[in-house]
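Asker: Sequence below, structure please.
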Amino acid sequence: MLDNLSKYDVILASGSPRRRDLLAGLGVRFRVLTVDGIDESHPDGLSPQDTARHICRAKAAAYKRLLKADSLVITADTIVCIDGDVLGKPTDEADACRMLRRLAGHTHQVVTGVTVLTARREETITVTTDVAFDSLTDEEITHYVATCKPLDKAGAYGIQEWIGMAAVESISGSYWNVIGLPVHQLYRLLKTF
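Answerer: The predicted structure is shown next:
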């Protein structure tokens, strides 16, 4: 359906297997290219949406020197936010358990920023999804962290894994966004390139 992209060398600037699967699900032909050493820090005081926007734009900036006339680069960054605090990827299993204890029994937001970059154009979108977690016991949290090893995931969980089935009461917004790529909104954006 995205025949307009046939003129581009589409590059997914992410090592995430989940993002690869989601973009492939749209029928987009692409290759993966990652650049090391991208600074993902952000200024204090930004809203969650502005934080995700800032980071995915910083990722896109790292690819500008690699752009060719036919390049189209897609970058993304997903953050989890609760009570105004951004939860990144956990540093270890103890940190993952701490994050999940904080999320248990509460509603949090998952925000993904996506930037699409070509030699002539750059567009950034952000998508926010509310996720309500049921309460979790320490045993359930420890089981999930030991079994699924969610150290590569913002907020220390993957909704498509055991914890999503066992603990997510409801979501308001894009399910795909919680996985890491708001494919509906990205599809709409890619149609304009």
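
Asker: ok, now how distant is Val111 from Lys68?
Answerer: Using Cβ to Cβ, to the nearest Å, Val111 is found at 31 Å from Lys68. All C-beta spots, glycine's among them, are computed from the backbone N, C-alpha and C.

Asker: what about these two, which has more around it?
Answerer: Shown here are Val111 and Lys68; by other Cβ atoms under 10 Å, Val111 has more neighbours (25 against 10).

Asker: That one belongs to a strand?
Answerer: Yes: when classified by DSSP: H, G, I helix; E, B strand; the rest coil, Val111 is found to be part of a strand.

Asker: Give the rounded mean pLDDT of stretch 181-192.
Answerer: Averaged across stretch 181-192, the pLDDT comes to 98.

Asker: could I get it in CSV with only the CA atoms?
Answerer: Taking Å, rounded to 0.1, in the frame of the first residue of the first chain, the C-alpha atoms of stretch 181-192 are listed here in CSV:
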residue,chain,number,x,y,z
LEU,A,181,6.0,1.8,17.3
PRO,A,182,2.6,3.6,16.7
VAL,A,183,2.1,1.9,13.3
HIS,A,184,-1.2,3.5,12.4
GLN,A,185,0.1,7.0,12.9
LEU,A,186,3.4,6.1,11.2
TYR,A,187,1.5,4.7,8.2
ARG,A,188,-0.5,7.9,7.9
LEU,A,189,2.7,9.9,8.0
LEU,A,190,4.6,7.7,5.5
LYS,A,191,1.7,8.1,3.0
THR,A,192,2.7,11.8,2.7
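
Asker: Now do the contacts for the residue nearest to Arg121 when sequence neighbours are not counted.
Answerer: Nearest non-adjacent residue to Arg121, counting by Cβ to Cβ, 6 or more residues apart in numbering: Phe193, 7.1 Å away. Shown in contact with Phe193 (Cβ atoms under 8 Å, 6 or more residues apart in numbering): Asn4, Leu5, Tyr8, Leu72, Val116, Thr118, Arg121.

Asker: Show me what the helix ranked longest in the chain is packed against.
Answerer: The longest helix of the chain (DSSP state H) is helix 48-61. For helix 48-61, the elements it packs on are strand 71-82, strand 107-118, strand 122-133, judged by 3 or more Cβ pairs under 8 Å, 6 or more residues apart in numbering; DSSP states H and E.

Asker: what about that helix, distance to the chain center?
Answerer: Relative to the chain's own centre, helix 48-61 is displaced by 11 Å; criterion: Cα atoms, centre = their mean, to the nearest Å.

Asker: And for stretch 126-134?
Answerer: Put simply, stretch 126-134 sits 12 Å off its chain's centre (Cα atoms, centre = their mean).
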